[in-house]
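Have a look at this fold, sequence not included:
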């Protein structure tokens, strides 16, 4: 057998940190090997729900992928959930306890989502021994008390620079569950294409999608939302305006400044805001999350000041271009709050509104070197952190180590960090990402962000993380996720030559 | 009437694609690979995607499972409305047929305004009919209904070649079972019917042979990168249910150094490991034992015994082997012949048939058992012609054009290959079984296997299925672009069709169809 994996295994066994990713917030374990019956195993509960039953089926299949020969050992896990019908919203209780002793496996959680995370952790503890063809849990007994450090742990998926078919979205969402990611931030539309079939404004996608096949029906959106919900993943839909919206103009030229100057959207007509309202209403029908993302980033107002009709309107209103942006985003924000949903937006919103922003607004920091998170939390606003240059997954030269080193609460007082920094995530902008390379661009680097968002703040030692993320990468591969080699200096590159998954 | 193109085109589309679409609409349909024979019309036929069922009077477990798979595959979007054809009636002469080389894969598929009908000799033909149907049925986002365009369709189809493979290499990189299953699933979309499993090689030995567990215990890349006996059986059954044969290759005497870790006695020495040691029965007992273990968990009549790229230096340089050759009056070449002959014999003796690389022909010529299938692979090789002339069966997978690890080989080049070039048609028809794309694994693991195999493998798939006259790359271009997007919609990571180099990322934002 190769030397390095043996070394890694030895390191793993001798160091404190187990091969569970992300690292649980607290755990104890021992030196006992516990046999698990992989053929007859069942999850049992006295607190059932449809969600829990479906999850039992999924996790059973996920945990026991090889047909065992020897089947002695524990064949049941008792799962007790206080509320197995909990609603999936930001801040839902995701904590759990998991105990694996020589005689029993026990899971307790306040909600079904915590139970999912317990089963995920269990699925990483249970390993198949090829020599005995039996399942075991090593280094038991385990007592794990776990909960995430941050409640918002996202991956942004961009379905506008490239269409991402529903099947691709579902595969990605499933992969999230392995690293305890709980939010798909769906950047639905943008300058290049508009794939969403809005029932109220069908021309948007009919004219603005890349093709008749690269579209999402209303039912598609619902199906993705339900698929995600069943897996404890929120779907936060972003409709980015007034910038990033040129594709809207093909179906509705009236909401754009002019045919030759298409972004940002035209603030001078109510038609624009009626359309945006209709869009969000349609999306409200198809989604369940309390939050929408209204975008608001990178607004170059040249097309306002250089288009006579729009400039005239600005003058009439007494707005500078900047103020017109604030007006625009303010109206969109009102629309969303008006339909009983809450607003998240990019940090430019803070730039323009500061403390005039509705207090319920969540601000997403993204600019490199930005101090928005610090300023906004100091003023009592909630923030999420996904800074370009380190947590932008399309930064192909950013290694997992760099991502792991980031600390969203840097420079922020502890009490503000604990209450107002909700979390953050990895942003998979789609300029060079489609179904062929979405998995190997996101993974394994997103795992580094996932641990930063879940595990305690003190879990920062890269040397200890290295064998664990290598192990996790191979686990992802074993589950059919196309995670790229961990040692890549540039994301998504092919392995350079033959070798073990653990060495590359 | 409602042209198929209307579904594809929207005003956002670039001129080039519009033109390509016009070309496509004037000729071949968006079915890949192109069926042997078809007629169609100009009528759009409504399909009920909410309540659709395949029915049959003579069922089998295989057919029932396939009905469920294809229903799910064909209708991925929840439609609105419940009108349209809701039934496809399937008649299969023998729906519990055995999956072996040459199984009947023909089918007829008829889609009229009132009925969908499928007939086939075996369940495998029915699978292919359902695959074709799943490509004919498209979702109209405007009406949120399923349609078959340009009907009525009458398709009579069968493959040109009976052996249509992808070689997957689980030794240069371990390929987990989940990855293998995903790849096998993707084969069905292009009517590939053989998974040539290059199980072990110089770098690693992942197979947990029950009779020789040390091979994998010492020779696998790690304790996680192994296949249990049940894993192999599960892969074989997964494939069988989908009409895909699994031909397992144990490559000897070259390409076998990984075996030495667990069993040094079968190697010339630990400093000079391959080819394997011909001087001891232990070597041949082990190889036979391996095939016996595999015979327990596989069902195909054929094993592949490898036999390629044998550099005999370690025989001549290792004293005890050199001595043995001298004592037995064998040159290194003859020793190779002796080695492969013994391996071949042990496979035939256990009631299985042998396939091997073309070096076997080099050494044996017409002394080869005539049940042996020869796989041509070398660039510029004339083996296929010679072997067929002598009455042997051949499969064609030439390096430089059908080796999928040749990253600079484009789909067009692959499409242009013709296995029967230079071979008299009559004998080619009888003896050229087919061939395939070889996905050597030096730089291929779970992270990039899909985007390296696809979409280029589709070009090979059509060459192997469709009639010999289907050669026009201009006509194929929009169709393979469409097929690539279909693969993506089914979750297969097929790379952009226009890549000059395989598996590269798309260069910038754009439509699937344009890249």
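Happy to help now that I have it. Only a predicted model underlies this, so the values are computations on that prediction, with no experimental measurement involved.

ok, for residue A:28, nearest residue in space, not its chain neighbours?
Excluding its sequence neighbours, the residue lying closest to residue A:28 (CB to CB, 6 or more residues apart in numbering or on different chains) is residue A:143, at 5.0 Å. For the C-beta atoms, the positions are set from N, CA and C on the backbone; glycine is no exception.

Next one: that neighbour from residue A:117, what distance?
Residue A:143 sits 16 Å away from residue A:117, taking CB to CB, to the nearest Å as the criterion.

And these two? Which one has more around it.
Using other CB atoms under 10 Å in any protein chain shown as the criterion, residue A:143 and residue A:117 rank with residue A:117 on top: 25 against 16.

who's in contact with the more buried one?
By CB atoms under 8 Å, 6 or more residues apart in numbering or on different chains, the residues touching residue A:117 are A:94, A:96, A:109, A:146, A:180, A:232.

which of those tops the neighbour count?
Of the contacts of residue A:117, with other CB under 10 Å as the count, residue A:109 tops at 29 neighbours.

Next one, pLDDT for that residue please.
As predicted, residue A:109 sits at a pLDDT of 98.

Can you read off the backbone torsions of it?
Dihedral angles of residue A:109 (phi, psi; degrees, to the nearest 10) stand at phi -160, psi 150.

do the helix or strand residue A:271 falls within and chain B meet at all?
Here residue A:271, judged by DSSP states H and E, is contained in helix A:270-286. No - Helix A:270-286 is not in contact with chain B by CB under 8 Å from any CB of the partner chain; minimum separation 11.7 Å.

Enumerate the positions of that helix that are buried.
Using 16 or more other CB atoms under 10 Å in any protein chain shown as the test for burial, helix A:270-286 gives A:272-273, A:275-280, A:282-284, A:286.

Please apply the same query to stretch A:34-46.
Neighbour-count burial for stretch A:34-46 flags A:34-38, A:41, A:43, A:45 (criterion: 16+ other CB under 10 Å).

which one of those sits closest to residue B:352?
residue A:38 (31.4 Å; CB to CB).

Tell me which residues touch the closest one, please.
A:63-64, A:66-68, A:71, A:126, A:128, A:134-135.

could those go into CSV alongside neighbour count?
As requested, those are exported to CSV (neighbours: other CB atoms under 10 Å in any protein chain shown):
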residue, neighbour count
A:63, 22
A:64, 19
A:66, 20
A:67, 16
A:68, 23
A:71, 17
A:126, 22
A:128, 23
A:134, 20
A:135, 24
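
Pick out the lowest-pLDDT one from those residues.
residue A:71 (79).

May I have the secondary structure class of that one?
Classification of residue A:71 using DSSP: H, G, I helix; E, B strand; the rest coil returns coil.

wait, it sits on residue A:37?
Yes - counting by CB atoms under 8 Å, residue A:71 touches residue A:37, with 4.8 Å between them.

follow-up on the earlier one: list just the nearest of the contacts of residue A:38 to chain B.
residue A:67 (4.0 Å; CB to the nearest CB).

In this structure that closest one contacts residue A:135, no?
No - with contact defined as CB under 8 Å, residue A:67 does not reach residue A:135; the gap is 10.7 Å.

Just the element for the closest residue to residue A:119 other than its chain neighbours, please.
Nearest-residue entry for residue A:119: residue A:59, 4.0 Å, with adjacent residues in sequence omitted and distances by CB to CB, 6+ apart. Under the criterion of DSSP H and E, residue A:59 resides in helix A:50-63.

Show me which positions of that helix end up buried.
Buried-residue list, helix A:50-63, by 16+ other CB under 10 Å: A:51-52, A:55-56, A:58-60, A:62-63.

next one: stretch B:357-373
If you call a residue buried by 16+ other CB under 10 Å, then stretch B:357-373 has these buried ones: B:357-364, B:368, B:372-373.

Next: stretch B:305-318.
B:305-308, B:310, B:312, B:314-315, B:318.

tell me which parts of the stretch 301-450 of chain A are close to chain B?
Counting by CB under 8 Å from any CB, the residues of the stretch 301-450 of chain A near chain B are A:430-441.

do you know how far the residue located most distally from the centre of chain A is from chain B?
Residue distances from the centre of chain A (CA atoms, centre = their mean) peak at residue A:316, which lies 43.0 Å from the mean C-alpha position. Using CB to the nearest CB, to the nearest Å, residue A:316 is found at 34 Å from chain B.

Quick one: mean pLDDT for the host helix or strand of that residue?
Element membership for residue A:316 (DSSP H and E) is helix A:308-317. Averaged over helix A:308-317, pLDDT sits at 96.

ok, which stretches of the stretch 201-350 of chain B are helices?
Secondary structure of the stretch 201-350 of chain B, counting by DSSP state H, counting those that start in this stretch: helices at B:214-219, B:229-241, B:259-262, B:281-297, B:313-317, B:319-327, B:332-349.

Output the ones you listed as a markdown table; include the columns distance to residue B:39 and mean pLDDT.
As requested, the helices of the stretch 201-350 of chain B are exported to a markdown table (distance: least, CB to CB, whole Å; pLDDT from 0 to 100):
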| stretch | distance to residue B:39 | mean pLDDT |
| --- | --- | --- |
| helix B:214-219 | 54 | 98 |
| helix B:229-241 | 32 | 98 |
| helix B:259-262 | 55 | 96 |
| helix B:281-297 | 44 | 98 |
| helix B:313-317 | 60 | 97 |
| helix B:319-327 | 64 | 97 |
| helix B:332-349 | 46 | 96 |
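
between these, which gets nearest to chain A?
helix B:229-241 (4.0 Å).

do the closest one and chain A meet?
Yes - using CB under 8 Å from any CB, helix B:229-241 reaches chain A at B:230-231, B:233-234.

returning to that earlier point: strands - which of the buried residues of stretch B:305-318 land there?
If you go by DSSP state E, these have B:305-306 in strands.

so which of the buried residues of stretch B:305-318 would you say is closest to residue B:473?
residue B:308 (30.7 Å).

now the closest one, nearest residue through space, not along the chain?
Leaving aside its sequence neighbours, residue B:308 sits nearest to residue B:357 (CB to CB, 6+ apart; 3.6 Å).

and residue B:429, what is it in contact with?
Per CB under 8 Å, 6+ apart, neighbours of residue B:429: residue B:420.

now with 10 Å?
Counting by CB atoms under 10 Å, 6 or more residues apart in numbering or on different chains, residue B:429 touches B:160-161, B:420, B:423, B:468.
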